[in-house]
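> Fold the following for me, if possible:
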Amino acid sequence: MDRRSFVKSFASFMAASALPATLRAQSHLGDQAAFMAALEQKPWLLGYLGAREIEMHANLRITSGRVPEGLRGSLYRNGPAMHDIGQDRFMHWFDAPGMVQRFAFADGQIKHHGKMIETARNFAELKAKRIQFVGFGSHGHDLTSGGSADNTNTANISLLNHAGELLALWEGGSAHVINPESLETEGRKVWSSETDGLPFGAHPRVDTDGSVWNVGYSVTPGALIIYHISAQGKLLQTHVLPQTATPMIHDFMITKSKIILVLPPFAASDLRGESFVGLFEWSKDSPTQVLVIDKSDLSNVRQVELDPFWVFHFGNAYDMSDTELGFDFALHDDPSFMTKDAFEAMDGSWDGAGSSASHYVQARVDLNSKTVTLDKASELGQVEFIQTDARENLSAHKYALMLAQPGGVSAFGFDRLTLVDRETGKASFYDVGETEILEEHLIVPKPKSRDDFWILGTALDWQKGVTTLSVYEGLHLGDGPIMKAELDIALPLGLHGTFVAA
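Reported below is the predicted structural model:
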């Protein structure tokens with residue numbers, strides 16, 4: 001199917017329904033009372049209680065150290081925030097309306113501002129004071145599919161700062177433009193009339209020329225959609241890869257010459273599913289496929305197969321030669337975090353039993369022999385949210401930063417920051433303690449430095465009932481934070497963010 005035929009087919013499908021009619025199930029929605037009862041016994045569930053206001057300005061005080069000189073700009077974070085609407089509670093962590101949190105660094109001070117992203121869905125449900133639409137995992141309660149993908153868009157996953165715009169990203173529909181100062185939602189981002197409303201992924205990749213690549217996935221019709229956008233924000237090209245049963249792709253990679261798509265055997269093969277994630281089935285006996293696509297000719301696709309695994313996030317990828325590629329990522333044994341744990345966190349029943357392992361892996365692809373070598377660092381424990389230095393983008397990077405849980409988990413989250421030196425194989429780390437749950441941390445390059453950096457990020461201290469913000473010296477992570485601040489409230493646990501330097 002060519003791009004024009006796909007767009008026409010997709011538009012016709014969206015006009016009828018963003019999701020199959022079978023998603024209009026009749027089972028019960030989430031139980032607020034059950035969650036509140038569980039919260040009394042498991043105080044770490046505080047991160048899933050959710051925001052009670054659509055806008056917030058938290059008071060923030062620095063409890064130790066000071067803001068380092070030269071750290072100026074804003075940390076923006078995004079994630080599902082309002083888990084309860086009226087008497088309804090979302091059933092899955094990925095379902096709630098997105099909220100942008102801004103931490104502005106200027107003149108040694110930090111200010112916080114949070115605001116809900118005003119998508120059509122978020123606005124409609126808050127106005128109605130009830131959940132109205134089927135979500136990623138929520139279903140039943142006479143919910144509808146909304147009539148189009150963007151009518152169910154929560155814009156709750158990540159953020160992209162590109163071509164003078166701050167974009168809030170989902171992965172089933174359009175990006176939304178956010179005013180970086182006021183955090184007002186300025187509307188959907190439309191790249192072209194032909195791609196208006198098509199799935200646009202949550203993890204775009206920036207090329208060396210400042211252009212952006214992205215991938216969206218569609219269930220009906222089955223397809224992967226590749227986007228290439230100029231440094232000035234203009235759509236350069238799209239390309240469609242038809243799929244029989246579309247695999248779920250949350251992230252992907254690029255090198256200087258290639259696009260790398262890793263397709264786990266978690267595909268939309270059950271269109272009777274009651275929610276979006278219910279359309280997908282894990283096939284433990286099927287291979288994970290790696291597609292390597294030539295950037296200069298998007299029709300040139302090579303494929304390599306390996307044993308099944310699931311992946312949410314990659315670090316960085318790079319060319320090792322014309323026929324060899326390297327990359328790193330967090331390998332999950334299966335997608336049960338998404339199909340089990342993220343449901344149980346929302347109803348309070350999660351106890352860690354049966355959770356899937358996730359490990360840091362460095363991979364090497366040989367296109368000549370059609371093999372992939374995986375070097376798994378099991379000694380680091382459970383890991384996720386891998387970050388690298390943007391100055392090493394698409395090159396063999398020296399450092400990989402990640403969140404880790406080194407031992408048995410007693411809480412739903414990570415309590416160790418780990419920095420791996422990929423050249424020496426050594427790792428440095430800092431443990432925040434059992435009462436804190438780390439959120440994604442970023443590597444922030446120091447001004448006027450070629451290789452030094454800070455590590456910056458937030459955490460939930462569920463014992464104190466506050467969100468914390470910390471800054472570390474990147475090359476001395478083990479020494480602990482050089483600055484730590486506390487908000488006077490606990491923000492909902494979020495997903496991804498970006499730092500925009502002043």
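
> Every contact and neighbour count from this point should use C-alpha atoms.
OK.

> Residue 370 - nearest residue in space that isn't next to it in sequence?
Counting by Cα to Cα, 6 or more residues apart in numbering, residue 304 is the residue found nearest to residue 370 once chain neighbours are left out, at 5.4 Å.

> what's the helix or strand hosting that neighbour in contact with?
Residue 304 belongs to strand 297-306 when assigned by DSSP states H and E. Residues from elsewhere that reach strand 297-306 (Cα atoms under 8 Å, 6 or more residues apart in numbering): 239, 287-294, 367, 370-372.

> most surrounded residue in those residues?
Going through the contacts of strand 297-306 with other Cα atoms under 10 Å as the criterion, the one with the most neighbours is residue 292, at 23 neighbours.

> quick one: that one and residue 255 touch, right?
No - with contact taken as Cα atoms under 8 Å, residue 292 and residue 255 are classed as non-touching, separated by 10.1 Å.

> Can I get the contacts of strand 297-306 in a markdown table including secondary structure and distance to residue 217?
Formatted as a markdown table, the contacts of strand 297-306 follow (DSSP: H, G, I helix; E, B strand; the rest coil; distance: Cα to Cα, whole Å):
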| residue | secondary structure | distance to residue 217 |
| --- | --- | --- |
| 239 | strand | 12 |
| 287 | coil | 19 |
| 288 | strand | 17 |
| 289 | strand | 15 |
| 290 | strand | 16 |
| 291 | strand | 14 |
| 292 | strand | 17 |
| 293 | strand | 16 |
| 294 | strand | 19 |
| 367 | coil | 25 |
| 370 | coil | 25 |
| 371 | strand | 26 |
| 372 | strand | 24 |
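
> could those residues be laid out in a markdown table, adding pLDDT?
Formatted as a markdown table, the contacts of strand 297-306 follow (pLDDT from 0 to 100):
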| residue | pLDDT |
| --- | --- |
| 239 | 98 |
| 287 | 98 |
| 288 | 98 |
| 289 | 97 |
| 290 | 98 |
| 291 | 98 |
| 292 | 98 |
| 293 | 98 |
| 294 | 98 |
| 367 | 97 |
| 370 | 97 |
| 371 | 96 |
| 372 | 96 |
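
> where does the chain dip in pLDDT?
Flagging of the chain using pLDDT under 70 yields the residue ranges 1-28, 353-354, 408-412.

> That one: helices as residue ranges?
With DSSP state H, the ranges of helices along the chain come out as 3-16, 32-41, 120-128, 336, 342-347.

> List the contacts of the third one.
Meaning helix 120-128. Under the contact criterion Cα under 8 Å, 6+ apart, helix 120-128 has outside partners 85, 97, 131-133, 150-154.

> Could you rank those residues by neighbour count and give me the top one?
When the contacts of helix 120-128 are compared by neighbour count (other Cα under 10 Å), residue 154 ends up highest, at 33 neighbours.

> Touching, it and residue 95? I think so.
Yes - in this structure, residue 154 sits in contact with residue 95. The criterion is Cα under 8 Å, and the distance is 7.3 Å.

> Quick check: phi and psi at residue 87.
In this entry, residue 87 is assigned phi and psi values of phi -90, psi 0 (degrees, to the nearest 10).

> List the contacts of the closest residue to it other than its chain neighbours.
Once its chain neighbours are removed from consideration, residue 87 has its nearest residue in residue 130; the separation is 6.8 Å (Cα to Cα, 6+ apart). Residue 130 sits next to 85-88 when contact means Cα under 8 Å, 6+ apart.

> just residue 90 next, same as before
Taking Cα under 8 Å, 6+ apart as the contact definition, residue 90 lies against 29-30, 83-84, 96, 131, 138, 346.

> Filter those down to just the ones in strands.
Under the assignment DSSP state E, the contacts of residue 90 contribute residue 84 to strands.

> farthest-separated two in the contacts of residue 90?
Distance extremes for the contacts of residue 90: the farthest pair is 131 and 346 at 15.0 Å, using Cα to Cα.

> can you pull the contacts of the residue nearest to residue 74 when sequence neighbours are not counted?
When the adjacent residues along the chain are set aside, residue 74 lies closest to residue 104, with 4.3 Å between them (Cα to Cα, 6+ apart). Residue 104 sits next to 72-75, 110-112 when contact means Cα under 8 Å, 6+ apart.

> between the residues you listed, which is nearest residue 62?
Among the contacts of residue 104, residue 110 lies closest to residue 62 (Cα to Cα), at 8.5 Å.

> Just give the nearest non-adjacent residue to that closest one, would you?
With Cα to Cα, 6+ apart, the residue lying closest to residue 110 is residue 104, at 5.4 Å.

> any idea how far residue 60 is from that neighbour?
11 Å (Cα to Cα, to the nearest Å).

> Now do the shared contacts for these two.
By the contact definition Cα under 8 Å, 6+ apart, residue 104 and residue 60 are jointly contacted by 110-112.

> Out of those, grab the one that's most surrounded.
Using other Cα under 10 Å as the contact criterion, the top neighbour count among the shared contacts of residue 104 and residue 60 goes to residue 110, which has 20 neighbours.

> Can you give me every residue that contacts that residue?
For residue 110, the set of contacting residues under the criterion of Cα under 8 Å, 6+ apart consists of 60, 103-104.

> now do residue 201
If you count contacts by Cα under 8 Å, 6+ apart, then residue 201 has 169-172, 214-217, 250-251 around it.

> With residue 375 instead?
Residue 375 sits next to 361-363 when contact means Cα under 8 Å, 6+ apart.

> Show only the entries of the residues you listed found in strands.
Among the contacts of residue 375, DSSP E puts 361-363 in strands.

> Among the residues you listed, name the buried ones.
Judged by neighbour count, with 16 or more other Cα atoms under 10 Å as the criterion, the buried members of the ones in strands among the contacts of residue 375 are 361-363.

> picking up where we left off before, can you tell me which of the contacts of helix 120-128 lies closest to residue 37?
Comparing the contacts of helix 120-128 against residue 37 with Cα to Cα places residue 85 closest, at 18.1 Å.

> Stretch 90-100: end-to-end distance?
In stretch 90-100, first residue to last residue: 19 Å (Cα to Cα).

> what does stretch 249-261 give?
One end of stretch 249-261 sits 8 Å from the other (Cα to Cα).

> contacts for that stretch?
Applying Cα under 8 Å, 6+ apart, the external contacts of stretch 249-261 come out as 171, 201-205, 207-208, 213, 215-217, 262-264, 290-296, 311-314, 316-319, 325, 394-395.

> Please, where are all the strands along the stretch 151-300 of the chain?
Along the stretch 151-300 of the chain, counting by DSSP state E, counting those that start in this stretch, strands occupy 158-162, 165-169, 176-178, 185-188, 205-206, 212-218, 223-229, 235-242, 253-254, 258-263, 266-268, 280-282, 288-294, 297-306.

> List the buried residues for the fourth one?
Judged by neighbour count (16+ other Cα under 10 Å), strand 185-188 contains these buried residues: 185, 187-188.
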